[in-house]
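> Build the 3D model from these lines:
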Amino acid sequence: MAPVARRGVNPLCPVKLPALPARLEAAGAAGFRAVEAAWPADCPAQALRAAAERAGVRIVLLNTPPGDQEAGEMGLAAVPGRQAAFRQGLAAAVQYARAVGCPRIHLVAGRVPLGTDRAAVAGEMETTFIENLKYAADLLAQEDMTGLVEPINNRITDPRYFLNTPHQAAAILEKVGRPNLKLQLDLFHCQIMDGNLSRNLETYFPLIGHIQIAQVPGRHEPDSPGELNFPYIFELLESLGYTGYVGCEYAPKGDTLEGLGWLRSYWESRGLQRSGTSKAAE
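Numbers count the residues shown, from 1 in each chain. Take a look at the predicted model:
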């Protein structure tokens, strides 16, 4: 497994740095060798790629654009009537990902439109999602990229988000039937919606293309007080043969660098260097 610095909720620096390139450099200095950059459109692609090269990090995940956030949108892939906007945003995301060398794009599903009942529009939203995912998979295949779908809990984080559970995501991925579409499994959301993490990881492991972590319920560091036993979870992922990235999608309780003690302990326990890799792993 390779830990990933998360831009935004975890900027990997003791203070809020004003620009994404500075955050990448802070992540590299902290020992990370990969980063997520959810919505980096405010940073030109060439500038971001240059910053990543200076920092010695890979950009491994981007999102499709959120849509009209002032109107309450958070992704468009499953939103009826917004297909053209989704495809336009996807094209822009692919172009940006190509420029920075990013191989994965999270195809953000979106929210149930305001003023509509979830049950009443569920079928139409799923149909829209499947159509857009097929289109995205074909486009991404031309670039040798992977598309990801992420269930987000609607109990705490986003009550109107369409895609909520691994089971729902797996069923949709089966209907789409494209090998370059995978499950982005955030264990914070999975625990809140479904629990049963060991069985879920084992069941959906063949579909998993990216993992994110945060303690429950506070969404802080993995060693903060909470419901999840991350040493056990990390061992389980290793036993399952997971070799992908683990994104640190949590809000530090205090100083970001001081809060990385859990990660340094993990690296040491596995005989890894500060970067999270060893010569054997390379």
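
> what are the phi and psi values for residue 63?
Note on residue 63: backbone dihedrals following degrees, to the nearest 10 are phi -110, psi 150.

> gap between it and residue 78?
Using CB to CB, to the nearest Å, residue 63 is found at 14 Å from residue 78. For glycine as for every other residue, the C-beta is placed from the backbone atoms N, C-alpha and C.

> cool, residue 40 as well?
Taking CB to CB, one finds residue 40 at 23 Å from residue 78.

> out of the two, which sits in the more crowded spot?
Neighbours per residue (other CB atoms under 10 Å) separate residue 40 from residue 78, with residue 78 holding more: 30 against 24.

> which ones are touching the more buried one?
Shown in contact with residue 78 (CB atoms under 8 Å, 6 or more residues apart in numbering): 109, 110, 125, 126, 128, 129, 132, 162, 163.

> for residue 54, same thing?
Residues in contact with residue 54, defined by CB under 8 Å, 6+ apart, are 24, 25, 28.

> Once you drop chain neighbours, what's closest to the second one?
Right, residue 25. Nearest residue to residue 25 in three dimensions, chain neighbours excluded: residue 55, at 4.5 Å (CB to CB, 6 or more residues apart in numbering).

> measure the one you found to residue 67 for me?
Computed with CB to CB, the distance linking residue 55 and residue 67 is 30 Å.

> Check which residues of stretch 135-144 are buried.
With burial defined by 16 or more other CB atoms under 10 Å, the residues of stretch 135-144 counted as buried are 135, 136, 137, 139, 140.

> Hmm, I typed the wrong one, I wanted stretch 168-178.
Residues of stretch 168-178 classed as buried under the neighbour-count rule (16+ other CB under 10 Å) are 168, 169, 170, 172, 173, 176, 178.

> Send me it as PDB with only the CA atoms.
Output in PDB follows, covering the C-alpha atoms of stretch 168-178 (Å, rounded to 0.1, in the frame of the first residue of the first chain):
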ATOM      1  CA  GLN A 168     -25.200   0.200  -4.800                       C
ATOM      2  CA  ALA A 169     -21.900   1.100  -6.500                       C
ATOM      3  CA  ALA A 170     -21.000  -2.600  -7.300                       C
ATOM      4  CA  ALA A 171     -24.500  -3.200  -8.800                       C
ATOM      5  CA  ILE A 172     -24.000  -0.100 -11.100                       C
ATOM      6  CA  LEU A 173     -20.500  -1.100 -12.100                       C
ATOM      7  CA  GLU A 174     -21.800  -4.600 -13.000                       C
ATOM      8  CA  LYS A 175     -24.500  -3.000 -15.200                       C
ATOM      9  CA  VAL A 176     -21.900  -0.800 -16.900                       C
ATOM     10  CA  GLY A 177     -19.500  -3.700 -17.500                       C
ATOM     11  CA  ARG A 178     -16.300  -1.800 -18.200                       C
END
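
> what does it contact?
Residues external to stretch 168-178 that are found in contact with it (CB under 8 Å, 6+ apart): 126, 129-130, 133-134, 137-138, 141, 147, 149-151, 163, 181-183, 204, 207.

> Kindly supply the PyMOL command isolating those of these that are buried.
If you want just the buried ones from those in PyMOL, going by 16+ other CB under 10 Å, the selection is:
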select buried, resi 126+129+130+133+137+147+149+150+151+163+181+182+183+204+207
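
> which ones among the contacts of stretch 168-178 are found in helices?
In helices, defined here by DSSP state H, the members of the contacts of stretch 168-178 are 126, 129, 130, 133, 134, 137, 138, 141, 204.

> roughly how far apart are the second one and residue 256?
Going back to what we said before, that points to residue 129. Taking CB to CB as the measure, residue 129 falls 35 Å from residue 256.
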